[in-house]
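Asks: Based on what follows, work out the 3D shape:
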Amino acid sequence: MGREGSSGSIASESVVKKVLLSYFYVGIWIFLSFTVIVYNKYILDPKMYNWPYPISLTMIHMAFCSSLAVILVRVLRLVDLPSSPTMTRELYVSSVVPIGALYAFSLWFSNSAYIYLSVSFIQMLKALMPVAVYSISILFNKENFRSSTMANMLSISFGVAIAAYGEARFDAWGVLLQLGAVAFEATRLVLIQILLTSKGITLNPITTLYYVSPCCLVFLTLPWAIVEFPILRNTSSFHLDFLVFGTNSLCAFALNLAVFLLVGKTSALTMNVAGVVKDWLLIAFSWSVIRDTVTFINLIGYGIAFLGVAYYNHIKLQGLKAKEAQKKTAPNDEEARNLIEEKESEDSGRKNESQV
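Replies: Predicted coordinates for the structure are as follows:
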């Protein structure tokens, strides 16, 4: 009895520890994601730091992340720890390059949106991510069309449309940029499944940055040379504040590690749910600290979209639970099948004996 009680208390302590660690990982990710978003807004917004060069900012991030990732990968190799999967030139060109291109445009467009839109409204527009991912997955035959799921996607879109209608600082160009960023990011996520995951290749944040960041940097070079370089060249007062841009880039790099930590120790679904909490916190922060205008219609629209996203996450959770249950019952089903086959063979043998 004593042993059973002690084993039960150990099990409960283990569960509590696991739950607390999950909350800790979620807290780190929310904090870093929150920090990067607000920091980028501070740098790019003309009313704040007033450095409206989103391509340059993205390139600084990519250069910093590439350099740090190269150093970390080489250190891991020196101590004989697994640093990166085998990457052939053909695989890099066919898989990593398109993913890197999409990532470059996604970051460029999303950072550009901060110049024109409030933090709160950008988070409301980001609620369209499940809609974009589901639609593109259908396009690439990664998902089957279901009328119930599409109805849920339409409810999310309807909520975002209401939020856009009630936006006090609506800017059509900013909205197009953010919608473009959502479309590029959704396509990137689907292509990761098609081009990498289906081939059994998984990249952690360090190896992702090691392979993808230089690719992003290359793809951003041309638009930067055409759009921003001429302006920066003619701006005599320009100087790079190493403290601001260094800490900003470090936060961006830390966020990538936090994503790996959160997904690796919990699940991608946990990150989606945590993302909803982060969005509400950012909306509250945008309204109370940055003093962005958040209207009642904004909140009603985002509330509808939020319910749609919450229902989508609930369905995903039920699907994961069903898969786990199926995995657990699979060995039992196999055992039962073997027993039935043995019984049938025995019955067949007896029948043959009686006929003889």
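Asks: for this structure, what are the low-confidence residue spans?
Replies: Within the chain, the stretches with pLDDT under 70 are 1-15, 79-86, 198, 236-238, 264, 267-269, 327-356.
Asks: in stretch 231-251, what counts as buried?
Replies: 245, 248-249, 251 (16 or more other C-beta atoms under 10 Å). (Glycine included, C-beta is placed from N, CA and C.)
Asks: Among those, which one sits closest to residue 98?
Replies: Nearest to residue 98 out of the buried residues of stretch 231-251 is residue 249 (C-beta to C-beta; 24.8 Å).
Asks: With adjacent residues omitted, what lies nearest to that closest one?
Replies: Closest residue to residue 249 apart from its sequence neighbours, by C-beta to C-beta, 6 or more residues apart in numbering: residue 64 at 3.7 Å.
Asks: so that neighbour sits right up against residue 253, yeah?
Replies: Yes: the criterion here is C-beta atoms under 8 Å, and residue 64 meets it with residue 253 at 6.5 Å.
Asks: The residue nearest to residue 249 sits in which helix or strand?
Replies: Using DSSP states H and E, residue 64 sits in helix 54-78.
Asks: Give me the contact list for that helix.
Replies: Residues outside helix 54-78 that contact it (C-beta atoms under 8 Å, 6 or more residues apart in numbering) are 40, 43-44, 51, 82-84, 104, 107-108, 111-112, 114-115, 206-207, 209-210, 213-214, 216-217, 220-221, 223-224, 227-228, 232, 245-246, 248-250, 252-253, 256.
Asks: Tell me which of the residues you listed fall in helices.
Replies: Within the contacts of helix 54-78, residues falling in helices by DSSP state H are 40, 43-44, 104, 107-108, 111-112, 114-115, 206-207, 209-210, 213-214, 216-217, 220-221, 223, 232, 245-246, 248-250, 252-253, 256.
Asks: Could you identify the buried members of those?
Replies: Counted by 16+ other C-beta under 10 Å, these give 40, 43-44, 104, 107-108, 111-112, 114-115, 206-207, 209-210, 213-214, 216-217, 220, 245, 248-249, 252-253, 256 as buried.
Asks: Burial check on residue 106, number of neighbours?
Replies: Neighbour count for residue 106, taken as other C-beta atoms under 10 Å: 22.
Asks: who's in contact with residue 170?
Replies: By C-beta under 8 Å, 6+ apart, the residues touching residue 170 are 121, 164.
Asks: next one: phi and psi at it?
Replies: The phi/psi pair for residue 170 (degrees, to the nearest 10) reads phi -70, psi 130.
Asks: what do you get for residue 46?
Replies: When read as degrees, to the nearest 10, the backbone of residue 46 gives phi -60, psi -20.
Asks: Assess the claim that it and residue 114 are in contact.
Replies: No: using C-beta under 8 Å, residue 46 is not in contact with residue 114; the gap is 10.2 Å.
Asks: Report how many residues lie close to residue 76.
Replies: For residue 76, using other C-beta under 10 Å, the count is 15.
Asks: any idea how far it lies from residue 210?
Replies: 10 Å (C-beta to C-beta, to the nearest Å).
Asks: got it, and residue 32?
Replies: 20 Å.
Asks: same thing with residue 314?
Replies: 36 Å.
Asks: and if you look at residue 70?
Replies: From residue 70 across to residue 210, the span is 6 Å (C-beta to C-beta).
Asks: before we move on, what about residue 93?
Replies: Taking C-beta to C-beta, one finds residue 93 at 16 Å from residue 210.
Asks: Contacts only, for residue 314.
Replies: So residue 314 contacts nothing (C-beta under 8 Å, 6+ apart).
Asks: Quick check: which element contains it?
Replies: Residue 314 is part of helix 296-355 when elements are defined by DSSP H and E.
Asks: Number of residues surrounding the closest residue to residue 282 other than its chain neighbours?
Replies: Nearest non-adjacent residue to residue 282, counting by C-beta to C-beta, 6+ apart: residue 123, 5.1 Å away. By other C-beta under 10 Å, the residues close to residue 123 number 23.
Asks: Quick check, residue 123 in contact with residue 284.
Replies: No: Residue 123 lies out of contact with residue 284 (C-beta under 8 Å); the separation is 10.5 Å.
Asks: Could you check the angle the helix or strand that contains residue 98 makes with helix 205-223?
Replies: Counting by DSSP H and E, the element that carries residue 98 is helix 97-116. Interaxial angle of helix 97-116 relative to helix 205-223 (axes from the mean of the first three to the mean of the last three C-alpha atoms, to 10 degrees): 70 degrees.
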